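[1] Sequence first, then the predicted structure:
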Amino acid sequence: MQKILVARPIFPEVIDRLKQYFDVEWNNGDALPADELTRRLADKDGALTAGDPVGAATLAAAPRLRVVANMAVGYNNFDMAAFNAANVLGTNTPDVLNETTADFGWALMMATARRITESEHFLRAGKWEKWQHDAFLGADVYGSTLGIVGMGRIGQAIARRAKGFNMRVVYHNRSRVAHGIEAELNAEYRSKEALLREADHVVLVLPYTSENHHTIGAAELALMKPTATLTNVARGGIVDDAALAEALRSRRIAAAGLDVFEGEPNVHPGLLTVPNVVLTPHIASASEATRRAMANLAADNLIAALGEGPRAGHPANPINPDVLGKARS
Ligand code: GLV
């Protein structure tokens with residue numbers, strides 16, 4: 001039997017499925033430090049990860065390893081150049097999380113615009129003594145301009161929801177999306193700078209790459225309206241969290257909603273001390289059904305990539321399909 005490592009806690013029924021095909025080693029505890037992950041992968045044929053960094057040194061120390069299946073759509077934890085050089089397949093879990101993540105982007109944007117967590121903290125602290133006409137005044141969402149940075153599948157799902165809120169939609173993306181999609185979503189392309197100047201609510205949904213590092217920093221925040229909100233459901237590192245904390249403190253922008261952070265689970269201390277930010281612990285895809293779907297899809301990819309199950313040899317979500325069928329190097 002081929003050997004696999006499941007590097008993270010995961011739904012037990014998924015472990016049971018994997019055991020039908022593999023000799024499974026399961027780390028049902030905290031994320032493994034890099035050297036421990038490397039040690040545990042040394043004799044494995046495959047692995048299931050969730051954000052665990054996998055790079056050249058780990059692959060070099062694991063000569064049998066042929067696939068690493070990430071339980072996430074984002075795979076910036078994989079060094080894909082190293083995967084390609086070693087002929088190791090990476091897989092991810094796109095699509096199954098689009099609608100759930102779009103729902104959450106909206107939830108976070110609306111909580112941010114309407115100051116929901118800030119006012120809840122006030123209430124819980126026993127500070128609510130009377131109704132006030134000017135308490136927790138926020139920004140309207142209905143009828144405002146939504147700026148989506150990253151018009152992939154999740155960005156498009158977010159844009160689709162904007163119709164019901166009668167919003168103008170502007171977007172920025174590496175490349176323009178097809179005319180038909182722009183028309184269906186009623187979304188207009190803008191440069192990043194124009195979008196930041198124009199949008200009342202900016203939502204970030206782009207993948208993290210080295211080119212996208214600090215896509216939003218002090219210079220970009222300076223372009224935004226002082227009444228605008230910024231929501232990040234993409235990845236930590238796309239926003240310069242220190243610059244954002246300062247922009248929130250000085251009210252350069254009105255508020256932010258953040259589900260992802262640079263260096264998470266650590267959070268920049270400046271973000272923890274300002275009231276005008278809604279903070280959630282990387283849960284945008286965390287509905288019961290979607291997290292189960294992601295776990296099962298990651299397992300399906302692993303099973304297929306290791307030549308087992310109904311799709312043997314044909315995993316649904318290869319990141320680097322060119323290495324399929326090539327010998328490990
Ligand atoms: C979660 O962050 C994902 O990339 O799926």
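    On my side now, so go ahead. Numbering: from 1, shown residues only.
[2] how far does stretch 215-223 stretch from start to finish?
    Terminal residues of stretch 215-223 are spaced 13 Å apart (CA to CA, to the nearest Å).
[3] nope, stretch 248-255 is what I was after
    6 Å.
[4] near the ligand, which residues of the protein?
    Taking CB under 6 Å from any ligand atom as the criterion, the neighbours of the ligand within the chain are 72-74, 97, 285. Glycine gets a C-beta too; all of them are placed from N, C-alpha and C.
[5] Give me the three-state assignment for Ala57.
    Following DSSP: H, G, I helix; E, B strand; the rest coil, the label given to Ala57 is helix.
[6] Just the element for the residue lying closest to it once chain neighbours are set aside, please.
    Sequence neighbours aside, Thr38 is the residue nearest to Ala57 in space, at 6.6 Å (criterion: CB to CB, 6 or more residues apart in numbering). Using DSSP states H and E, Thr38 sits within helix 34-41.
[7] Show me what secondary structure element comes after that helix.
    Past helix 34-41, the next helix or strand by DSSP H and E is strand 46-49.
[8] Who does that following strand pair with, and is each partner parallel or antiparallel?
    As defined by DSSP bridges, the strand partners of strand 46-49 come to strand 3-6 (parallel), strand 67-70 (parallel).
[9] Let me have those in JSON lines, extended by mean pLDDT.
    Formatted as JSON lines, these follow (pLDDT from 0 to 100):
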{"stretch": "strand 3-6", "mean pLDDT": "98"}
{"stretch": "strand 67-70", "mean pLDDT": "98"}
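[10] which residues does whichever residue of the stretch 101-250 of the chain sits closest to the ligand contact?
    Proximity to the ligand, evaluated over the stretch 101-250 of the chain using CB to the nearest ligand atom, is greatest for Arg235 at 7.0 Å. Contact analysis of Arg235 by CB atoms under 8 Å, 6 or more residues apart in numbering lists 74, 76, 207-208, 260.
[11] Just give me the closest of those to Ser329.
    Nearest to Ser329, judged by CB to CB, of the contacts of Arg235 is Asn76 at 23.4 Å.
[12] middle-most residue in this structure, spatially?
    Residue closest to the average C-alpha location in the chain (CA atoms, centre = their mean): Ala234, at 4.1 Å.
[13] Next, find the distance separating it from His179.
    According to CB to CB, to the nearest Å, Ala234 and His179 sit 25 Å apart.
[14] Excluding chain neighbours, what is closest to the residue in the stretch 201-329 of the chain that the ligand sits nearest to?
    The stretch 201-329 of the chain approaches the ligand most closely through Ser285 (5.3 Å), counting by CB to the nearest ligand atom. Leaving out its chain neighbours, the residue that sits closest to Ser285 by CB to CB, 6+ apart is Leu97, at 4.1 Å.
[15] hang on, that neighbour packs against Leu297?
    No: the criterion here is CB atoms under 8 Å, and Leu97 misses it with Leu297 at 9.3 Å.
[16] helices and strands around the lengthiest helix in the chain, which ones?
    When the chain is parsed with DSSP state H, its longest helix is helix 288-305. Where contact means 3 or more CB pairs under 8 Å, 6 or more residues apart in numbering; DSSP states H and E, helix 288-305 is packed against helix 12-19, strand 46-49, strand 67-70, strand 89-91.
[17] Could you list the low-pLDDT ranges of the stretch 101-250 of the chain?
    Within the stretch 101-250 of the chain, not a single segment meets pLDDT under 70.
[18] residue boundaries of the helices in it?
    Taking DSSP state H, counting those that start in this stretch as the criterion, the stretch 101-250 of the chain carries its helices at 116-124, 153-161, 179-185, 192-198, 218-221, 241-249.
[19] Comparing those, which comes out most buried?
    helix 153-161 (a mean of 23; mean count of other CB atoms under 10 Å).
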